[in-house]
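Asker: next one to model:
(chains A, B, C and D)
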Protein chains: 2
Amino acid sequence: MSKDDRAVARERIIESMEQSAEVYGLSRSAGRIYGVLYFSKEPLSIPDLVEETGYAKSTISNVTRTLTRIGLIHRRSSEGGGRRVHYSAEREIWIILQDVFQQYIQREVQTTLRTIQRAQAQLPDDNETELERIEELRETYEDFQEIVTLASNLTAAELREALESYER
Amino acid sequence: MSKDDRAVARERIIESMEQSAEVYGLSRSAGRIYGVLYFSKEPLSIPDLVEETGYAKSTISNVTRTLTRIGLIHRRSSEGGGRRVHYSAEREIWIILQDVFQQYIQREVQTTLRTIQRAQAQLPDDNETELERIEELRETYEDFQEIVTLASNLTAAELREALESYER
DNA sequence: TCGTTTGTTCGGAGTGTACCGAACAAACTG
DNA sequence: CAGTTTGTTCGGTACACTCCGAACAAACGA
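Answerer: Residues are numbered from 1 along each chain as shown, chains lettered A, B, ... in the order given. Alright, predicted model coming up:
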């Protein structure tokens, strides 16, 4: 109801975002900065963010760079065309997750799969435990790759529907 | 072909596992220990692992505990029933991933969702940007939760099939 | 032009984490 | 029973990471 209550609710959610940030391998400051931008009506400059978050200017500068690189926030040169830069949050969280998936998981699965395939190519089939293990791994990773590729072409709603409508 | 070549291939894959371990928030040593166990014909004791990996006994002890807790490896008291303990790798990687999902992602999504719902309950509807933002968030997280729940009941093959057979 | 504002870069302090070696507890083997 | 082997616990070191403040570069306004 009161302005205070709303601020408290907002603060709780931002704290939750700080925690989520850690899970995804980012710093707490990244979570807070994203959170503040998420709730802000208009894009914020670096001094604004310093004011809102209490972090040092340099911290804001560094964190906004990585957040921009990942795609969690967007960087806009202000209307005036001047040096001043404004940041806004990407609010389509599904898109963010897909990007993270693309960058981390998929890349990681792909390089692993390549390693496995190369290792396999170098080995003749003289039937040993090791070779079976490697073959096992390859199949699993091929499944992963396919799943990730397919999932990253769907929206959250579509993915949900795909799973809900699936009959075993 | 030669024993050496096979060792090199194995080493490459284990290095790749070290890297994957970091992505999943574990230490490099955890990746290597899992890798060695993955390729081992029979379960290994802590001294065996010291010999194979070069890590200190204490490191092996600590890391095996966390790996066991997560479910990546299994701990077996040896046949003799004595004090000696043997470890073997869980080779169904999909099961591992599901567990990690369950433990990290789902828990995190759930607590966030609870926070949002609580925040929402405290606020009346006096139509502000912030309220819309929170509502937006809630819907997204509800989708996530549903997706994660559904996916964690499927095997990799089933999930793959569900996605492949989905028509937009 | 000079002072002010904005953003980046750099070095450093504080903190957490991975790993090690030593000390210890528990069980086996002679 | 001593001596050995196995596993855990504890303190310490090395290293990476987060964040800060200061110095700097670039653009603005007087």
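Asker: excluding its backbone neighbours, what's nearest A:Ile14?
Answerer: Nearest non-adjacent residue to A:Ile14, counting by Cβ to Cβ, 6 or more residues apart in numbering or on different chains: A:Gly35, 3.5 Å away. All C-beta spots, glycine's among them, are computed from the backbone N, C-alpha and C.
Asker: so the host helix or strand of that neighbour, near DNA strand C or not?
Answerer: Taking DSSP states H and E as the criterion, A:Gly35 maps to helix A:28-39. No: applying Cβ under 7 Å from any atom of the strand, one finds helix A:28-39 separated from DNA strand C by no less than 10.9 Å.
Asker: show me what that helix is packed against.
Answerer: In terms of contacts (3 or more Cβ pairs under 8 Å, 6 or more residues apart in numbering or on different chains; DSSP states H and E), helix A:28-39 is packed against helix A:3-23, helix A:46-53, helix A:57-70, strand A:73-77, strand A:85-89, helix B:129-151.
Asker: buried deepest among those, which one?
Answerer: Comparing these by mean neighbour count (mean count of other Cβ atoms under 10 Å in any protein chain shown), strand A:85-89 comes out on top with a mean of 19.
Asker: residues contacting the residue nearest to A:Ile14?
Answerer: Contact partners of A:Gly35, counting by Cβ atoms under 8 Å, 6 or more residues apart in numbering or on different chains, are A:13-14, A:17-18.
Asker: can we see that at 7 Å?
Answerer: Contact analysis of A:Gly35 by Cβ atoms under 7 Å, 6 or more residues apart in numbering or on different chains lists A:13-14, A:17.
Asker: any weak-confidence spans in chain A?
Answerer: Low-confidence segments of chain A, defined by pLDDT under 70, are located at A:1-3, A:78-83, A:123-127, A:168.
Asker: do that again at 80, thanks
Answerer: Applying pLDDT under 80 to chain A picks out residues A:1-6, A:77-83, A:99-105, A:122-128, A:167-168.
Asker: find the centremost residue of it, please.
Answerer: Nearest to the mean C-alpha position of chain A, by Cα atoms, centre = their mean, lies A:Val100 at 3.5 Å.
Asker: okay, and that residue sits in which element?
Answerer: helix A:93-100.
Asker: wait, does that helix contact chain B?
Answerer: Yes: part of helix A:93-100 sits near chain B under the criterion Cβ under 7 Å from any Cβ of the partner chain, namely A:93-94.
Asker: how about residues contacting that helix?
Answerer: Against helix A:93-100 from outside (Cβ under 7 Å, 6+ apart): A:24, A:70-72, A:90, A:152, A:155-156, B:140.
Asker: so which bits of stretch A:155-168 are buried?
Answerer: Of the residues in stretch A:155-168, A:156, A:159-160, A:162-163, A:166 count as buried by neighbour count, 16 or more other Cβ atoms under 10 Å in any protein chain shown.
Asker: which two from those end up farthest apart in space?
Answerer: Greatest spacing in the buried residues of stretch A:155-168, by Cβ to Cβ: A:Ala156 and A:Tyr166 (16.0 Å).
Asker: and chain A, what are its domains?
Answerer: Split into domains by automatic domain parsing, chain A comes to A:3-89, A:93-164.
Asker: residues contacting A:Tyr24?
Answerer: A:Tyr24 neighbours (Cβ under 7 Å, 6+ apart): A:Val100.
Asker: which positions in chain A make contact with DNA strand D?
Answerer: Near DNA strand D, when you scan chain A using Cβ under 7 Å from any atom of the strand, you find A:26-30, A:54-59, A:62-63, A:81-83.
Asker: circling back: export the helices and strands packed on helix A:28-39 to JSON lines and tack on distance to DNA strand C?
Answerer: Below are the helices and strands packed on helix A:28-39 laid out as JSON lines (distance: least, Cβ to the nearest atom of the strand, whole Å):
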{"stretch": "helix A:3-23", "distance to DNA strand C": "9"}
{"stretch": "helix A:46-53", "distance to DNA strand C": "3"}
{"stretch": "helix A:57-70", "distance to DNA strand C": "3"}
{"stretch": "strand A:73-77", "distance to DNA strand C": "8"}
{"stretch": "strand A:85-89", "distance to DNA strand C": "3"}
{"stretch": "helix B:129-151", "distance to DNA strand C": "23"}
